[in-house]
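*Asks:* please work out how this folds:
(chains A, B, C and D)
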4 protein chains.
Amino acid sequence: MISFESDYITGAHPEILRRLSEINLEGLPGYGTDPYCARAKEKIRQACGCPDADIEFFVGGTQTNLVVIATMLQDHEGVIAAGTAHINTHEAGAIELSGHKVLRLPNSNAKIHPEDLEDYVSEFYADENYEHMVFPGMVYLSHPTEYGTLYSKAELEEIAAVCRKYDMTLYLDGARLAYGLMSHETDVTLKDIARICDAFYIGGTKAGALCGEAVVFTKQNKPKHFMTSMKKRGARLAKGWLLGVQFDTLFTDGLYEKIGKHAIDLAEQMKEIFRKHGVRFYLQSPTNQQFVILENRQVEQLKETVAFSFWEYYDETHTVVRFATGWSTTKEDLEYLDAQLKTMVKVSQGDGSFDSL
Amino acid sequence: MISFESDYITGAHPEILRRLSEINLEGLPGYGTDPYCARAKEKIRQACGCPDADIEFFVGGTQTNLVVIATMLQDHEGVIAAGTAHINTHEAGAIELSGHKVLRLPNSNAKIHPEDLEDYVSEFYADENYEHMVFPGMVYLSHPTEYGTLYSKAELEEIAAVCRKYDMTLYLDGARLAYGLMSHETDVTLKDIARICDAFYIGGTKAGALCGEAVVFTKQNKPKHFMTSMKKRGARLAKGWLLGVQFDTLFTDGLYEKIGKHAIDLAEQMKEIFRKHGVRFYLQSPTNQQFVILENRQVEQLKETVAFSFWEYYDETHTVVRFATGWSTTKEDLEYLDAQLKTMVKVSQGDGSFDSL
Amino acid sequence: MISFESDYITGAHPEILRRLSEINLEGLPGYGTDPYCARAKEKIRQACGCPDADIEFFVGGTQTNLVVIATMLQDHEGVIAAGTAHINTHEAGAIELSGHKVLRLPNSNAKIHPEDLEDYVSEFYADENYEHMVFPGMVYLSHPTEYGTLYSKAELEEIAAVCRKYDMTLYLDGARLAYGLMSHETDVTLKDIARICDAFYIGGTKAGALCGEAVVFTKQNKPKHFMTSMKKRGARLAKGWLLGVQFDTLFTDGLYEKIGKHAIDLAEQMKEIFRKHGVRFYLQSPTNQQFVILENRQVEQLKETVAFSFWEYYDETHTVVRFATGWSTTKEDLEYLDAQLKTMVKVSQGDGSFDSL
Amino acid sequence: MISFESDYITGAHPEILRRLSEINLEGLPGYGTDPYCARAKEKIRQACGCPDADIEFFVGGTQTNLVVIATMLQDHEGVIAAGTAHINTHEAGAIELSGHKVLRLPNSNAKIHPEDLEDYVSEFYADENYEHMVFPGMVYLSHPTEYGTLYSKAELEEIAAVCRKYDMTLYLDGARLAYGLMSHETDVTLKDIARICDAFYIGGTKAGALCGEAVVFTKQNKPKHFMTSMKKRGARLAKGWLLGVQFDTLFTDGLYEKIGKHAIDLAEQMKEIFRKHGVRFYLQSPTNQQFVILENRQVEQLKETVAFSFWEYYDETHTVVRFATGWSTTKEDLEYLDAQLKTMVKVSQGDGSFDSL
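*Replies:* Next comes the predicted model:
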């Protein structure tokens, strides 16, 4: 069965596997003190245009978020996020386990708005009882968001301005950053992100690595003895070079961009196929994840031959499902999808718009 | 200045002070192992009609909530509450510090609705990714709510039915329970609460004690070695009898009810006074806290001579403020308030209704 | 039965009860914003000779320790303490609940030695793997210790010097500070403690208050938004003046010293009585707690008529028990004890010395 | 330079790399729901002789320990371990971060003794104040220990009997289990461990995997909704098959045993070489880690040409260092070591015995 279930259904880009085999017998020091980690960090610094950034590697996204947020927040603070944010929904309460509240902001298309942020924080400080409440200490953005949407450079700048005004940290979750950077509809570069955010991570797992995310602290603001804080949370690999080698490879000869571009090009073709077959989009996503609304009978039929992800119930007879492209998606996969959609039962659809989640 | 700022502005009911003086030199064993704690527990069991309830005393409400919720929830669970719930707003993130998420439900007049609860939980279990999410493990109600409103017996029963259906604990925060029980508009008794809820607390601090809240576990469900879990959170007093003596007094000769009734009677008179002066109510509260909407100029003027609490901004020119009665409020206090309102600048007011918070 | 079980068997010093009655109807703002808290803080500042100290009031000792230690430590740090330290033994793991390790140091007579401290910390930093280990971030002392012993001024200075050298905070638990300051064998004053320590607390519960401990931050080092961190841990009383009034009273006209002196004078007389009856001391305590070794048959006999505390098993036939004096102990109590010891079965005792715990 | 620094200096056993390449494009469901995880679990169940064991895969050892211990302990409990235990020393306080105390037991050669365990627990329950203390809820053993030593079957049985008597869980850290099982001096099999322990983990990282540890719950005792508890701690890989494929390979055709046997055979030869050159052993280790005492001048000289690990200072002029063999150590590596030791400066050594750590 051909699968569009996610961008992490297959293993590593072949170049990564090749490099891992190559260095397999080298005999390297443990816990990230090897030359591959050092080299990968240097390449990421250069790609970010941020020569004194501090970089650390993690195994996965939830682990990254929970360590970074727990160590950057102060005791009295929580983190502001959209209700749809991964940290608020699908990380099983990892942020709360660290003792910090996720302060939920309204969103549209999974994005928060600078004005809502300003309102929330200014109202907080205007409240006479604010010392009894969780302080807003950080703003969490995902880019692309959990629904594939993107912030514009202007939006990021405005959000960052509110953060500076109220002494909050701006942290960006880039689990799928490759697809955000290579989107046909973005004006945001990696250097912009490094300049605007206080910390962010560059996702590897969902962009062709076996596992791995690279956190970038851009403002000489890596928490003190961060290595120990990582260890304390089980987030240091004995064979730390496993992450270093992968990021070294991803940031050599533009592989990270190539992977992003490949998936984006195929996602645009996939959108074309959906349009051709009259499939309705849940929202407009300019990245590798596409959310479409199918009638429940269509879902049942299609899943016999194609793998995709359940997302949420739209109404009693419709379901939102996700199709994703990735580094290993092929033109042939799309042709197969096209063929399956051709045979899919047709349904009349009313108008549906995605206002807020 | 006369104060209606809260129901905890004055000390203890004189009978409590008298009893504390009386036993001051007795020489009692520590940490709640004294006969006064035992006697108070027995009286509470009787008042609850629950002969095998387990009772524990705490110093204050946030401490009570954080220990009970942390020890009754399992690792994968969070607690459902109204967005307006004290645990979600004014406890500085105490529940999250214990590693558990507050799962926010819509509310009207600070109350959650059984149907919203059913919807939330059934949608949770229908979600294919629910294992990545925080499980609903408990429902938190405050009664009276933070806005003085009350659940009816039928509403409590319906909420309890949803809890049983989905194996969730029902916990009721009774910081102001005295005023809920003595309200002129309630059909809920202490025995109803003990029968319907899995755990709840009877507030002392806001009902005439110096400090103290009594948690009642009604279903032989006190967490194992709860005393140690309390100690671990700094919630055992060396002079534990300080709480026992107070609750023994409150539950002797109906003092707790008397205190509640006194404040409710005066609150009803206060409402009459507000109505007489055309002061608009933010919502209809049948208990000792009254929330009214004043024009900002009125707030400025009135606070020169009367103390009350800022609650929240209503709009650019109006503010919601709270007036509370308590065990020590007197008829003379109300006459004074009446006189002050008489001299308050009059304003024309549009219509304002309280839909949801 | 006459009780020497502890220094918290009776209520409050009569002067405290009198003051609480006096202000009972005043109508005070909540959460420690009242004038009594302010006045008490000012008096403590003066008594400490530390005009810009920050003071906060807590209800009990474990609560104090867990909030202060959790908020003063950084994420990668733990707290060094004697194995006998209250935080390492009888606080049910409260420090660990806050995510920090208690790093155990050897002790003699419940005191740690400056050289052991220096050794521990220098070895830590000499270890090539120290980034995988818990950093020593604070030193916890109790004074008097859990066994009634006291540090000399020179010892405190030496320990503080090690702390400064390795950038560790020095925190002193003064649950029984009144008895340490008034001991006949101490050269340490309250001003010394305020000068030498970064933070410490002045115990009220065990020195004549109903409840209450006063934390003193001496070096402009109160954690940021500490009020919110207290609230988050359930450590703010709505009727915060309950603590303010008590400490205001304790620090008026030298009441705190008087209470300490009274108990110390009686403890010295109690030691004399023990000596007279040939009762063996477990160690030499210059404060209000006396630890003596009784044969198990003696324990059984004596506890029929006198209350005291089991401490630990000494050997198969002997037990260490504690007798404490307090603000309410009287000369008559001691005469009673004398009489009881007279009738106690005599036993031959070998020599026993207390080396380390 | 030839390295004996650890057993995790090189990558994966070639067979593992081969299998990862083979399945790289398969398109697998996420988060451990793939057939390779299922197959690996089934093979481990068979190898353990425990057909209804529950198995879960983790990335590394600290992560494994912190999730298993946090979810198996109850709120009032801590975990008993040797002072030398990895969880007590080199996991940066991960257990304490989960809110639980490590209760330290004496050890000899890094092993705890059943009698010490019995004494500790029986004294705990005999203490009249035990409700103020951390309950012993679990016993943690490492096998091999951090110093390469092994428990005998009889010792494990005796420790398990104490655990059953006092209702404690027995958990075994098998980070290097491959070397324990293949030691020439053990009478403990994998089936013995599965029968005796309540939970344990089979280490992959240090036995030829890129990363990965397999936890085995042997008594139908996997904590409820453990998947969610793992996710909450960042311990679920999106590409979960990465761990499944590796353990499937390790438990196919006896690869795990082969890797263990290879390293043990070479370790025995290494011991022979050390003996030949008069190098003193710090203790007798029957597994792949060898701890020897070198004069500091020897350390300086040797490390020019051979990599090994600093362990601890022995005395002012001597250091304990570790040499480890692993899956990739070769006979040629040992010949090289032999040659280097030949040229090492000779020193006269006194007698040194390892009593306790």
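*Asks:* and the residue of the stretch 251-357 of chain A closest to chain C?
*Replies:* Going by CB to the nearest CB, chain C is nearest to A:Phe251 of the stretch 251-357 of chain A, at 25.7 Å. For glycine as for every other residue, the C-beta is placed from the backbone atoms N, C-alpha and C.
*Asks:* roughly how far apart are the nearest residue to that residue once chain neighbours are set aside and C:Asp187?
*Replies:* The shortest distance from A:Phe251 to any non-neighbouring residue, by CB to CB, 6 or more residues apart in numbering or on different chains, is to A:Lys43 (3.9 Å). Distance, A:Lys43 to C:Asp187, using CB to CB, to the nearest Å: 62 Å.
*Asks:* and for A:Arg280, the neighbour number?
*Replies:* 18 (other CB atoms under 10 Å in any protein chain shown).
*Asks:* and what of A:Lys153?
*Replies:* 14.
*Asks:* what is the subsequent helix or strand relative to whatever helix or strand A:Gly260 lives in?
*Replies:* In this structure, A:Gly260 sits in helix A:255-276 according to DSSP states H and E. Note on helix A:255-276: by DSSP H and E, the next helix or strand toward the C-terminus is strand A:280-281.
*Asks:* who does that next one touch, helix- and strand-wise?
*Replies:* Identification of packing neighbours for strand A:280-281 by 3 or more CB pairs under 8 Å, 6 or more residues apart in numbering or on different chains; DSSP states H and E yields strand A:289-295.
*Asks:* contacting residues around the strand it packs on?
*Replies:* A:7, A:144, A:147-148, A:176, A:179, A:267, A:270-271, A:274, A:279-283, A:285, A:302, A:311, A:314, A:317-324, A:345, A:347, A:349, A:352 (CB atoms under 8 Å, 6 or more residues apart in numbering or on different chains).
*Asks:* just the ones of these in strands?
*Replies:* A:280-281, A:311, A:318-324 (DSSP state E).
*Asks:* which residue ranges of chain A form helices?
*Replies:* A:14-22, A:35-48, A:61-72, A:86-89, A:94-97, A:114-126, A:153-165, A:177-181, A:190-196, A:226-232, A:241-250, A:255-276, A:296-302, A:331-343 (DSSP state H).
*Asks:* pick the most buried one from the ones you listed.
*Replies:* helix A:177-181 (a mean of 29; mean count of other CB atoms under 10 Å in any protein chain shown).
*Asks:* not counting sequence-adjacent ones, nearest residue to the residue of chain A most remote from its centre?
*Replies:* Within chain A, A:Glu128 marks the point farthest from the mean C-alpha position, 36.8 Å out by CA atoms, centre = their mean. Distance criterion CB to CB, 6+ apart; nearest residue to A:Glu128, sequence neighbours excluded, is B:Phe310 at 4.5 Å.
*Asks:* who is that neighbour paired with across the strands?
*Replies:* Following DSSP bridges, B:Phe310 is listed with bridge partners B:Val321.
*Asks:* got a list of what the closest residue to chain C within the stretch 51-200 of chain A touches?
*Replies:* Residue nearest to chain C within the stretch 51-200 of chain A: A:His76 (3.9 Å; CB to the nearest CB). Contacts for A:His76 (CB under 8 Å, 6+ apart) come out as A:134-135, A:137, B:92-93, C:224-225, C:228-229, C:232.
*Asks:* same deal with A:Arg236?
*Replies:* Counted by CB under 8 Å, 6+ apart, A:Arg236 has contacts A:31-32, A:227, A:230, D:60, D:62.
*Asks:* return the residues of chain A in contact with chain C.
*Replies:* For chain A, the residues in contact with chain C (CB under 8 Å from any CB of the partner chain) are A:31, A:70-71, A:74-76, A:99, A:131-135, A:223-225, A:227-229, A:231-232.
*Asks:* how about the residues of the stretch 151-300 of chain A near chain D?
*Replies:* So the stretch 151-300 of chain A meets chain D at A:205-206, A:210-211, A:228-229, A:231-239, A:242 (CB under 8 Å from any CB).
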